[in-house]
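>>> whatever this is, show me its structure:
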Amino acid sequence: MTPTRCAWANPANPLYLAYHDHEWGVPCRDETRLFEMLNLEGAQAGLSWETVLNKRENYRVAFDQWDAQKIARYDAAKVAQLLANPGIIRNRLKIAAAITNAQAYLRLRDAAGGLAPFLWAYVDGKPLQNAWTLQQPAPATTPLSDRLSKDLAKRGFKFVGSTIIYAYMQAIGMVNDHRVDCFCHARLS
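This next block holds a predicted model:
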């Protein structure tokens with residue numbers, strides 16, 4: 001019997017199902033993955049998450065396994081190389097944002113210890129447990145995502161609007177937004 005999943009999990013895409021079942025909503029404190037997901041959520045702006053997820057491995061190669069120290073030093077030649085890479089989303093603003101975000105991340109790491117301590121302080125170190133249903137789906141933004149978005153923007157991060165940040169919070173498990181009838185909800189509660 002097929003388990004009940006959140007409606008957005010495309011059953012025709014095994015990569016998407018694996019992401020839903022094993023990553024989305026699972027609390028993450030790994031600095032590299034937090035940095036990667038912040039940039040991938042920004043790359044998703046105006047597109048579907050499935051599009052970005054299908055290109056995630058290409059992004060890892062193109063962006064030096066999300067090594068922020070390397071990305072922070074990308075020059076015009078590297079940007080041109082990225083803009084010519086068909087394996088990623090070739091949007092100049094989004095590529096520039098990843099470089100700016102690497103620089104902002106390094107400053108944040110020096111000031112606050114990294115994304116993990118900074119982000120998880122917003123929820124007292126514990127994921128928020130929601131109880132969304134088909135009739136009452138998760139919102140696109142919350143007052144918390146508004147505050148976090150403004151804080152990240154103030155620190156120099158780009159593509160961190162409230163909608164992107166709420167999706168990021170969901171992805172990294174700061175909130176458990178699996179629908180209550182999804183088999184992952186109880187496992188992550």
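>>> when you work out contacts or count neighbours from here on, use the C-alpha atoms and nothing else.
Fine.
>>> list the residues that contact Y166.
Contact partners of Y166, counting by Cα atoms under 8 Å, 6 or more residues apart in numbering, are A140, T141, T142, S145.
>>> buried residues in the longest helix anywhere in the chain?
Ranked by residue count, the top helix of the chain under DSSP state H comes out as helix 92-112. Residues of helix 92-112 classed as buried: 94-95, 97-106, 108-109 (neighbour count, 16 or more other Cα atoms under 10 Å).
>>> go on, stretch 3-21?
For stretch 3-21, by 16+ other Cα under 10 Å, it's R5, C6, A9, Y16, L17, Y19, H20, D21.
>>> also stretch 113-122?
Buried residues in stretch 113-122 (16+ other Cα under 10 Å): G114, L115, A116, F118, L119, W120.
>>> returning to that earlier point: next secondary structure after the longest helix of the chain?
helix 115-120 (DSSP states H and E).
>>> now the strands for this protein?
128-129, 175-176 (DSSP state E).
>>> which of these sits most buried?
For the strands of the chain, the largest average neighbour count (mean count of other Cα atoms under 10 Å) is found in strand 175-176, namely a mean of 26.
>>> quick one: contacts for the residue nearest the centre of the chain?
Central residue of the chain (Cα atoms, centre = their mean): M37, 3.2 Å from the mean position. The contact partners of M37, by Cα under 8 Å, 6+ apart, come to Y168, A171, I172.
>>> how close does the second one get to T2?
Which is A171. 23 Å (Cα to Cα, to the nearest Å).
>>> now swap in R107 and tell me
45 Å.
>>> same check on V79?
In terms of Cα to Cα, V79 sits 44 Å off from T2.
>>> equivalent analysis for V26, please.
Applying Cα to Cα to V26 and T2 gives a distance of 21 Å.
>>> likewise V61?
Distance from V61 to T2, by Cα to Cα: 34 Å.
>>> I'm done for today, thanks for sticking with me.
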